[in-house]
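Q: build the 3D model from these lines:
(2 chains)
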Number of protein chains: 2
Amino acid sequence: MINFTVGPVESSEEILSIGKEQVPYFRTPEFSNLMLENEKLMLKFSKAPKNSRVIFITGSGTASMEATVSNTLTKNDKVLVVNGGGFGKRFVELLEIYEIPYTQIKLKVGEKLKPEQLYEYDNKGYTALLVNVHETSTGVHYDIDMISEFCLKNHLFFVVDAISSFLADEFDMARLGADVMITGSQKALACPPGISIIVVSEKAQQRIENSPFKGMYLNLSNALKNGERGQTPYTPAVGILRQIHERLHQIDRDGGVESEIKKIGGLANYFRSQITDLPFDIISESMSNAVTPLHPTTASAFDIFTILKDEYNLWVCPNGGELKDTVFRVGHIGCLTKEHYDILISAFRDLQKRGII
Amino acid sequence: MINFTVGPVESSEEILSIGKEQVPYFRTPEFSNLMLENEKLMLKFSKAPKNSRVIFITGSGTASMEATVSNTLTKNDKVLVVNGGGFGKRFVELLEIYEIPYTQIKLKVGEKLKPEQLYEYDNKGYTALLVNVHETSTGVHYDIDMISEFCLKNHLFFVVDAISSFLADEFDMARLGADVMITGSQKALACPPGISIIVVSEKAQQRIENSPFKGMYLNLSNALKNGERGQTPYTPAVGILRQIHERLHQIDRDGGVESEIKKIGGLANYFRSQITDLPFDIISESMSNAVTPLHPTTASAFDIFTILKDEYNLWVCPNGGELKDTVFRVGHIGCLTKEHYDILISAFRDLQKRGII
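A: Numbers count the residues shown, from 1 in each chain, chains lettered A, B, ... in the order given. Model (predicted):
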């Protein structure tokens, strides 16, 4: 199988070979050092401002989204949240659960956020803004510079879920004034799923310290305290953290985050340039390098996913819910090359020849 | 390194070789089937009563302890909790966090639970009992038959954290009348850490459905609903779930849970019989097959851990907190043989020769 989904994605041989090693005992100085290096490189690649910290959660991206909402926001906040799809909706649900006052900017499928939609809320007493910079469900990458400018102007606490965008699109946490950046092990980090990561600015750390949050597993204050010595409060997915360590060093050796973004962007552009004559509409007004969302005009998206899986050994990424039959996605993250896309494009042309699309 | 800790433990070659495979996309009928098989075998090995279900949480055992307390208990309960060490204390902290009325039976380090301590609370209006059947921190395995009898007599909702005891000690959920059984991937399941597992009886499912719990990631109602079709609400640690699948089938082929318990019990007995003349006291009044807790009478426990790690390439399990210098533990779970213990015992004898112990 070749995997073009948006996670889990293809891992490199080096990462896979760590998966075959025994998982070491971890309450040791050796593992602490590894974790402190993970933190250092995550700070470097997210371009985090001075005195930022990194929290590694054993759990999905949603665990980190929930930890962020519950540990950095309170009932005294007034939150603006961009809701352009499944993950924006998840932020809204979390704000509901934790009873944090909010207003949502609801966008249509594929619609980008326009300045006039945002500036409607200028100078209106908001205290925080939440955005999934890349709304993975629809493949819309929002204009983060525009949002950053708005947040800085309004002095907003600025939370960026970059789960599928980190390492795929430009992101400079310090320059943007972002306070929280969230990502996951199974996206462009190209490791197995099981770990999500939260980078927190000094301001975010202060909010965490003062938070009334009482839960145990998602308690970020406790995580920060244990992290000072390179440990986690509870047994983490040690094997995946070791793979992340190798992968971060790999990226560092190979030219850093810029070079990684260039590689992923190159693959995205190559794929997009090769499919212009196929019966697919691109549904996003503004794309991430991470994924191309496609609406097939002549067939069911889910049928295409199933036929590619069962007859061509190729996984593209299906959508759930109301987009199930209308949209599928092709990812550009993970250990992929142009040759992989040539195989996928051949399969599309074969489907066309067979009258399926 | 040879790993004698209580998790992560040594995995077999078959499990490790899955760690080297690409992690597949998982929103597929293929992965759903795998998960439904995982559920079936977990029900079989825990001897769960009819209509029980299994929930797989990407997270540590603590995540499942928290999910259980928060999703199956309410402020209307009156809970009895056995607190004999670090993990009993964790249950107490969770009951505090979720404001659930409780009484704790506090035991000294290494002390077993005696009937008279339990029957002090007979007919006193309690509704539930929580116990870590094997208090991993001190190596005390409680008399589960005695506790079960008390719970049945008092009609208590009966929660058993068997994280390090499952597959190592006899456990028959149906016969005991237990409603919840918790375990983790990195204990006797001998897979990498990252997944914890909750087996829930019909009564537990009813409590979950009626629970006022509002969190998202640890919402067990949502997990049960997605689990019906072999899926999880959020991206799980797919790789570890595939390893668990292989491991459960391995156990099934090799004679089932009885044969696994016999193997672990045999190693525990062998080790214990070989160290009677060494300067170690066994601190537990009642042991699990999973681990032997040792108090060195002539040296610091933590120093022994460090020297074995740095000079002998052996990991035993250190203790944290107040037991750090007085107790270390030797595990008998994971892919270990008598030959491994011979190496460890030789190292102990060498430490003795060198005057270190």
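Q: tell me the contacts of the residue nearest to the spatial centre of chain A?
A: Centroid-nearest residue in chain A, with C-alpha atoms, centre = their mean: residue A:163, separated by 1.2 Å. Going by C-beta atoms under 8 Å, 6 or more residues apart in numbering or on different chains, residue A:163 touches A:61, A:87, A:132, A:134, A:136, A:182-184, A:187, A:196. From N, CA and C alone the C-beta is placed, and that goes for glycine too.
Q: where along the stretch 251-357 of chain A do the strands fall?
A: Here the stretch 251-357 of chain A has its strands, by DSSP state E, counting those that start in this stretch, at A:280-282, A:291-296, A:314-315, A:317-318, A:328-331.
Q: please read the previous query as pertaining to the stretch 1-150 of chain A.
A: Going by DSSP E, counting those that start in this stretch, the stretch 1-150 of chain A shows strands at A:2-3, A:53-58, A:79-83, A:102-106, A:128-132, A:134-135, A:140-141.
Q: so for residue A:154, what's the pLDDT?
A: On pLDDT, residue A:154 comes in at 98.
Q: hmm, I typed the wrong one, I wanted residue A:168.
A: 98.
Q: chain neighbours aside, what residue packs nearest to the residue of the stretch 251-357 of chain A found nearest chain B?
A: In the stretch 251-357 of chain A, the residue that lies nearest chain B is residue A:315 (4.4 Å; C-beta to the nearest C-beta). Of all residues not flanking residue A:315 in the chain, residue B:25 sits nearest, at 4.4 Å (C-beta to C-beta, 6 or more residues apart in numbering or on different chains).
Q: list the contacts for that neighbour?
A: Residue B:25 sits in contact with A:1, A:3, A:5, A:8, A:315, A:317, B:31, where contact means C-beta under 8 Å, 6+ apart.
Q: likewise for residue A:86?
A: A:135-138, A:320-321.
Q: output these as a markdown table; include the columns neighbour count, pLDDT and distance to chain B.
A: Formatted as a markdown table, the contacts of residue A:86 follow (neighbours: other C-beta atoms under 10 Å in any protein chain shown; pLDDT from 0 to 100; distance: C-beta to the nearest C-beta, whole Å):
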| residue | neighbour count | pLDDT | distance to chain B |
| --- | --- | --- | --- |
| A:135 | 31 | 95 | 16 |
| A:136 | 26 | 94 | 11 |
| A:137 | 26 | 92 | 13 |
| A:138 | 25 | 94 | 17 |
| A:320 | 10 | 87 | 7 |
| A:321 | 9 | 88 | 12 |
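Q: in helices, which of these appear?
A: If you go by DSSP state H, the contacts of residue A:86 have nothing in helices.
Q: that older thread, between the strands of the stretch 251-357 of chain A, which gets nearest to residue A:76?
A: strand A:291-296 (36.5 Å; C-beta to C-beta).
Q: is that closest one positioned near chain B?
A: No. Strand A:291-296 stays clear of chain B (C-beta under 8 Å from any C-beta of the partner chain), getting no nearer than 13.6 Å.
Q: chain center to that strand, what's the gap?
A: From the chain centre to the centre of strand A:291-296 is a distance of 18 Å (C-alpha atoms, centre = their mean, to the nearest Å).
Q: same question for stretch A:237-257.
A: Worked out by C-alpha atoms, centre = their mean, stretch A:237-257 lies 17 Å from the chain centre.
Q: and stretch A:95-114, end to end?
A: 23 Å (C-alpha to C-alpha, to the nearest Å).
Q: please work out the average pLDDT along it.
A: So the average pLDDT for stretch A:95-114 ends up being 97.
Q: again, but for stretch A:269-282
A: Here the average pLDDT along stretch A:269-282 is 97.
Q: and that stretch, what's buried?
A: A:271-272, A:274-275, A:278, A:280 (16 or more other C-beta atoms under 10 Å in any protein chain shown).
Q: which of those residues sits closest to residue B:355?
A: For the buried residues of stretch A:269-282, the nearest to residue B:355 is residue A:271 (67.8 Å; C-beta to C-beta).
Q: quick check: closest non-adjacent residue to the closest one.
A: residue A:341 (4.9 Å).
Q: pretty sure that neighbour contacts residue A:274?
A: Yes. The pair residue A:341 / residue A:274 is scored as a contact, 7.0 Å apart, by C-beta atoms under 8 Å.
Q: look at residue A:205 and tell me its secondary structure.
A: What DSSP: H, G, I helix; E, B strand; the rest coil gives for residue A:205 is helix.
Q: if I look at it, how far off is chain B?
A: As for residue A:205, its distance to chain B is 22 Å (criterion: C-beta to the nearest C-beta, to the nearest Å).
Q: now for that residue: which residues touch it?
A: Contact analysis of residue A:205 by C-beta under 8 Å, 6+ apart lists A:51, A:53, A:224.
Q: okay, it: pLDDT?
A: On the pLDDT scale, residue A:205 gets 98.
Q: please identify the deepest-packed of the strands of the stretch 1-150 of chain A.
A: strand A:134-135 (a mean of 32; mean count of other C-beta atoms under 10 Å in any protein chain shown).
Q: helices or strands up against that strand?
A: Where contact means 3 or more C-beta pairs under 8 Å, 6 or more residues apart in numbering or on different chains; DSSP states H and E, strand A:134-135 is packed against helix A:86-97, strand A:140-141.
Q: coming back round to it: among the buried residues of stretch A:269-282, which lie within helices?
A: Per DSSP H, the subset of the buried residues of stretch A:269-282 in helices is A:271-272, A:274.
Q: what is the nearest of the contacts of residue A:86 to residue B:256?
A: Using C-beta to C-beta, residue A:320 comes nearest to residue B:256 of the contacts of residue A:86, at 37.3 Å.
Q: surely the closest one meets residue A:329?
A: No. Between residue A:320 and residue A:329 there is no contact under C-beta under 8 Å: 11.4 Å.
Q: for the residue nearest to residue A:315, give its distance to residue B:192.
A: When distance is defined by C-beta to C-beta, to the nearest Å, residue B:25 is 20 Å away from residue B:192.
Q: kindly report the same for residue A:176.
A: Counting by C-beta to C-beta, the gap from residue A:176 to residue B:192 is 35 Å.
Q: who's more crowded, the two?
A: Between residue A:176 and residue B:192, residue B:192 has the larger neighbour count (other C-beta atoms under 10 Å in any protein chain shown), namely 31 against 22.
Q: can you tell me which residues contact the more buried one?
A: Counted by C-beta under 8 Å, 6+ apart, residue B:192 has contacts A:23, A:237-240, B:8, B:11, B:19, B:185-186, B:240, B:243.
Q: out of the helices and strands packed on strand A:134-135, which is the most enclosed?
A: The stretch of the helices and strands packed on strand A:134-135 with the highest mean neighbour count (mean count of other C-beta under 10 Å) is strand A:140-141, at a mean of 26.
Q: quick one: mean pLDDT for it?
A: Mean predicted confidence for strand A:140-141 is 98.
Q: how about the residues of the stretch 1-150 of chain A by chain B?
A: So the stretch 1-150 of chain A meets chain B at A:1, A:3, A:5, A:7-8, A:10-11, A:16-17, A:19-28, A:58-63, A:66, A:90, A:93-94, A:97 (C-beta under 8 Å from any C-beta).
Q: does residue A:156 really touch residue A:130, like I thought?
A: No. Look at residue A:156 against residue A:130 with C-beta under 8 Å: they stay out of range, at 9.7 Å.
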